[in-house]
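Participant: Pasting the sequence and the predicted coordinates here, then a few questions.
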Amino acid sequence: MTEIAIERAEEYDASIIKEKLLYMFSLTSFPDVRGKSVLVKPNILSDAPKEKAITTHPEVLRALLKILREKGAKKVYVGDSPGIQGPAFNAKVSGIRDAVEKSGAEFVDFTKSSRTHSVYKNISIPMAKVLDEADVVISVAKFKTHQLMMQTGAVKNMFGLVPSLNKSPLHLKCPSVEEFSRLIVSIFKESHTDYAIIDGIIAMEGAGPANGTPRKVGLLISSRDAFAADYAMSCIMGYQKTDMPIFLEGEKEGLTDFKSYTYPALNPNNLVIRDFKRIESGKKSLFSALILPFFTRFLKVRKAKKRNAPLFQDNCVKCRRCIEICPAKALTKGESHPLIDENACIRCYCCHEMCPVNAIKVL
Ligand code: SF4
Ligand code: SF4
């Protein structure tokens, strides 16, 4: 049986969250951390104010770190590595650094120390070295949409173990959602994640993972199985299992068993938010998958790529982050915003994810 605990939590109060988490842990076989080194991996996609719902909320971390200390963890590390990580990255803006330091845990910069793993198709991937020192690994994700993957939960969160700019070239190697899902699952497997928590008190809907809208969902989710926690989150967002190649890949790899899921507290099927602003799955209908390509080939009409290229808008502040991160080198400097070469663009949406002012739209 794979237990998935879902609890209501109305506000970011560390002492209330701590009680909720302890109850959820009692339902889901939380790992024994006594005398062990624990790596906690929150989502710090960018070090943004907590109100923007881009990062795991610091009060959730505060509650977890207190529990780990009380349960006798020997050493607790907390870290992440944003896609573009300037030298000033210190997780202070989000409040995460304060939560870490006050708990006596150690903040780890993944760019400072990594080692290479060969996890997928012999692609060498640097990953945070602290993984080697951790006996227990906990993914503490945010309840968020994702322009490419539709949702970014506890499994995708572990992509942050790959330091900073090492991430974007991997999009070029694995451009389709299916291939990228396989890559993420391989990285997740290498992380040996033992437990997953999802902060869904204030979630993000719409243009996630960085430029969506905060929305109160009022839920915490946890499980020993990160796929199971993500499945519950996706279900509440209104997705089906089959919308997500990442779930199918996890199942294929034997990392999760959908038939084993049980809900000892709330059931996600009773919590579906009908008007949650989701990212559409891009799944093709039978007509567009089989019949339309035949006619377009026949008529020698060049078919548009399945996903839309991003659109750049005039509120751009010319920070160049998108140009820097684009793995396909599809962006060049323009007058009022970067110019895109749509033929080169692989629709990975890294640019959208990194834009600090929401000047990039994906329709
Ligand atoms: S332009 Fe944006 S979506 Fe296209 S390849 Fe570059 S980063 Fe990815
Ligand atoms: S579109 Fe966004 S990320 Fe790109 S240069 Fe403009 S402000 Fe920066």
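Facilitator: Sure, I can see it. Ligands and ions are numbered 1, 2, ... in the order given.
Participant: Going by C-alpha atoms from here, please, whenever you check contacts or count neighbours.
Facilitator: Fine.
Participant: ranges for the strands of the stretch 51-200 of the chain?
Facilitator: 75-80, 106-109, 114-120, 123-128, 136-146, 150-152, 195-205 (DSSP state E, counting those that start in this stretch).
Participant: quick one, which of those strands is nearest to ligand 2?
Facilitator: strand 136-146 (17.0 Å; CA to the nearest ligand atom).
Participant: The closest one near ligand 1 at all?
Facilitator: No - contact of strand 136-146 with ligand 1 is not found when judged by CA under 6 Å from any ligand atom; the minimum separation is 12.9 Å.
Participant: Just the angle for that strand relative to strand 75-80, thanks.
Facilitator: 20 degrees (axes from the mean of the first three to the mean of the last three CA atoms, to 10 degrees).
Participant: and strand 136-146 with strand 195-205, angle?
Facilitator: Here strand 136-146 points in a direction 20 degrees away from that of strand 195-205 (the same axes, to 10 degrees).
Participant: Parallel or antiparallel, which strands does strand 136-146 pair with?
Facilitator: Taking DSSP bridges as the criterion, strand 136-146 forms sheet pairs with strand 37-42 (parallel), strand 150-152 (antiparallel), strand 195-205 (parallel).
Participant: could you dump the ones you listed to TSV with mean neighbour count and mean pLDDT?
Facilitator: Output for the strands paired with strand 136-146, formatted as TSV (neighbours: other CA atoms under 10 Å; pLDDT from 0 to 100):
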stretch	mean neighbour count	mean pLDDT
strand 37-42	25	98
strand 150-152	25	96
strand 195-205	28	98
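Participant: ok, the spatially closest residue to Leu68 that is not a sequence neighbour - how many residues close by?
Facilitator: Leaving aside its chain neighbours, Leu68 sits nearest to Val33 (7.1 Å; criterion: CA to CA, 6 or more residues apart in numbering). By other CA atoms under 10 Å, 19 other residues sit near Val33.
Participant: now swap in Lys259 and tell me
Facilitator: A count of nearby residues for Lys259, using other CA under 10 Å, gives 8.
Participant: Validate this expectation: it resides in a helix.
Facilitator: Yes - counting by DSSP: H, G, I helix; E, B strand; the rest coil, Lys259 is located in a helix.
Participant: follow-up on the earlier one: nearest to Thr28, of the strands paired with strand 136-146?
Facilitator: In terms of CA to CA, the element of the strands paired with strand 136-146 nearest to Thr28 is strand 195-205, at 9.3 Å.
Participant: Tabulate the CA atom coordinates of that closest one in CSV.
Facilitator: The C-alpha trace of strand 195-205 is given here as CSV (Å, rounded to 0.1, in the frame of the first residue of the first chain):
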residue,chain,number,x,y,z
TYR,A,195,9.8,11.3,1.2
ALA,A,196,7.8,14.0,-0.5
ILE,A,197,5.8,17.0,0.9
ILE,A,198,3.9,19.4,-1.3
ASP,A,199,3.1,22.9,-0.1
GLY,A,200,-0.4,23.7,-1.5
ILE,A,201,-1.6,26.2,1.1
ILE,A,202,-1.1,29.0,-1.4
ALA,A,203,-0.6,27.3,-4.8
MET,A,204,0.2,28.7,-8.3
GLU,A,205,-2.2,28.4,-11.2
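Participant: how far is it from where the chain is centred?
Facilitator: Taking CA atoms, centre = their mean, to the nearest Å, the mean C-alpha location of strand 195-205 is offset from the chain mean by 10 Å.
Participant: ok, now stretch 195-208?
Facilitator: Centroid separation between stretch 195-208 and its chain, computed with CA atoms, centre = their mean, is 9 Å.
Participant: likewise stretch 353-363?
Facilitator: Taking CA atoms, centre = their mean, the mean C-alpha location of stretch 353-363 is offset from the chain mean by 17 Å.
Participant: Closest residue of the stretch 101-250 of the chain to ligand 2?
Facilitator: Counting by CA to the nearest ligand atom, the stretch 101-250 of the chain gets nearest ligand 2 through Asn211, at 10.8 Å.
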